[in-house]
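Student: This is a predicted model, with the sequence first.
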Amino acid sequence: MTTGPLIKNLRGRVVYRWPAVNLQGNSTSNLLGPLIPSEVLVQDFDEYEIQQLCEQMGCPMQQAETQTKVVYLHTLGHPQLVHARLLTLSRQGWPKVSVDSLFETPEDVREQQQQARQLLDVLPPEEADLLYRASVALAPFRREHIVLLGENANLSHPGDLFDRLVGPWIERSAGDRFVLSPLLKNAGTEVWSQSTIEGIHSQLANRCMIGTVNSGTA
């Protein structure tokens, strides 16, 4: 079985989707070997596609549906996280799903997320700061809420920062809502204290309450 850096699904799509950043010739290493980050627009996998990949990588058919649901739970279909999770499960011989596996983030997924956080070091500091703030917001979130967090942190032109991050790190959801890339899920909890995170939650809660009151009096 190949363990190279690329896997294609049934539509021939490349698995990796690293944001485009300038590393000045440096590469980033992960459990699949050295990777040079570049932006490759790839749609997230749905459960049907993940199940087909499971079966192609040797998962017993009677387990494939259950394994697929758990993989999707932890990866939200992000191609890189799906790839890492399936490689690990394949190497482990497709262990049966346990209760613990439902509630604990797998180590391979955490490793990929940690590698993604390292990429934030090469972003302009204010862009990285806004992403960390977005990572602790309840998803899906509105643009105005993340812009408000940036304003409260005295970031310069947070609206422009947000717009530049849409695509590589922030994805459009339904309507006026957005979601953060699963690669950065809970990234802020890894770098900030609980009191800082609670302060961000408080800012968001206050903004939502103001919006509710204004809607009720309109």
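Tutor: That came in fine, so what should we check first? Numbering: from 1, shown residues only.

Student: Give me the distance between the closest residue in space to residue 150 that isn't next to it in sequence and residue 147.
Tutor: With sequence-adjacent residues excluded and distances taken as C-beta to C-beta, 6 or more residues apart in numbering, residue 150 is closest to residue 158, at 2.6 Å. All C-beta spots, glycine's among them, are computed from the backbone N, C-alpha and C. Distance, residue 158 to residue 147, by C-beta to C-beta, to the nearest Å: 5 Å.

Student: The two - which one has more neighbours?
Tutor: residue 158 (23 against 19; other C-beta atoms under 10 Å).

Student: List the contacts of that one.
Tutor: By C-beta atoms under 8 Å, 6 or more residues apart in numbering, residue 158 lies in contact with 126, 130, 146, 147, 149, 150, 151.

Student: Report the separation between it and residue 172.
Tutor: Relative to residue 172, and taking C-beta to C-beta, residue 158 is found at 18 Å.

Student: Ok, residue 202 next?
Tutor: Distance of residue 202 to residue 172, computed by C-beta to C-beta: 27 Å.

Student: Do you have the helices of the chain handy? List them.
Tutor: For the chain, the helices defined by DSSP state H cover 47-56, 61-75, 79-91, 99-103, 107-119, 125-135, 143-152, 158-165, 187-191, 194-217.

Student: Ok, which of those comes nearest residue 179?
Tutor: Shortest distance between residue 179 and these, using C-beta to C-beta, is found for helix 125-135: 9.3 Å.

Student: Identify the residues contacting that closest one?
Tutor: So helix 125-135 is in contact with 120-121, 123, 141, 146, 149-150, 153, 155-156, 158, 161-162, 164-165, 169-170, 180, 184-189, 191-192, 200, going by C-beta under 8 Å, 6+ apart.

Student: Report the buried residues of stretch 174-191.
Tutor: By neighbour count on 16 or more other C-beta atoms under 10 Å, the buried set for stretch 174-191 is 178, 179, 180, 181, 182, 183, 184, 185, 187, 188.

Student: May I have the residues that are in contact with the fourth one?
Tutor: Looking back up the chat, that one is residue 181. Contacts of residue 181 (C-beta under 8 Å, 6+ apart): 78, 116, 168, 169, 170, 171.

Student: Same question for the second one.
Tutor: The neighbours of residue 179, taking C-beta under 8 Å, 6+ apart as the test, are 139, 140, 141, 170, 171, 173.

Student: Keep only those of these that are in strands.
Tutor: Taking DSSP state E as the definition of strands, those contribute 141, 170, 171.

Student: Reformat those as CSV; add distance to residue 44.
Tutor: As requested, those are arranged in CSV below (distance: C-beta to C-beta, whole Å):
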residue, distance to residue 44
141, 18
170, 14
171, 9
